[in-house]
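J.: Need the 3D shape of this:
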Amino acid sequence: MLVALRHPRSWPDLIGLAWAARRRGWWRRPPFLPLPPAGYLRWRNETAYGEPTATGSDRELLRYLRWAARMRRGSRTS
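T.: Numbers count the residues shown, from 1 in each chain. Purely as a prediction, here's the structure:
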């Protein structure tokens, strides 16, 4: 995920989203990382872009990370 390297300010939002979307029981199965389920990622891409393997631009990802962080905080304003 090169966008995180190019935009270090996005790290807290990226980590927060990864933690919020982590797979249940992630510590029981390799790779023992709190990653979102593959099905969730496919679903997100398909609902956003019409294809489960599609990817958005860096700008779109950054906007989504900020939006998701606001939603987790319960804030409706930008």
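J.: helices or strands next to the longest helix that the chain contains in the packing?
T.: Counting residues, the longest helix found in the chain (DSSP state H) is helix 58-73. For helix 58-73, the packing partners by 3 or more Cβ pairs under 8 Å, 6 or more residues apart in numbering; DSSP states H and E come out as helix 2-6, helix 11-20. Backbone N, C-alpha and C define where each C-beta goes, glycine included.
J.: rerun at 10 Å
T.: Helix 58-73 sits against helix 2-6, helix 11-20, helix 38-49, with contacts defined as 3 or more Cβ pairs under 10 Å, 6 or more residues apart in numbering; DSSP states H and E.
J.: okay, those helices, which one's buried deepest?
T.: Of the helices and strands packed on helix 58-73, the one with the most neighbours on average (mean count of other Cβ atoms under 10 Å) is helix 11-20, at a mean of 14.
J.: That one - what's its average pLDDT?
T.: Over the span of helix 11-20, the pLDDT mean works out to 89.
J.: Tell me how far Leu2 lies from Thr47.
T.: When distance is defined by Cβ to Cβ, to the nearest Å, Leu2 is 23 Å away from Thr47.
J.: Low-confidence stretches in this structure?
T.: Along the chain, segments meeting pLDDT under 70 span 1, 75-78.
J.: For the spatially most central residue of it, which non-adjacent residue is closest in space?
T.: Centroid-nearest residue in the chain, with Cα atoms, centre = their mean: Leu17, separated by 5.0 Å. The spatially closest residue to Leu17, leaving aside those adjacent along the chain, is Ala68, at 5.0 Å (Cβ to Cβ, 6 or more residues apart in numbering).
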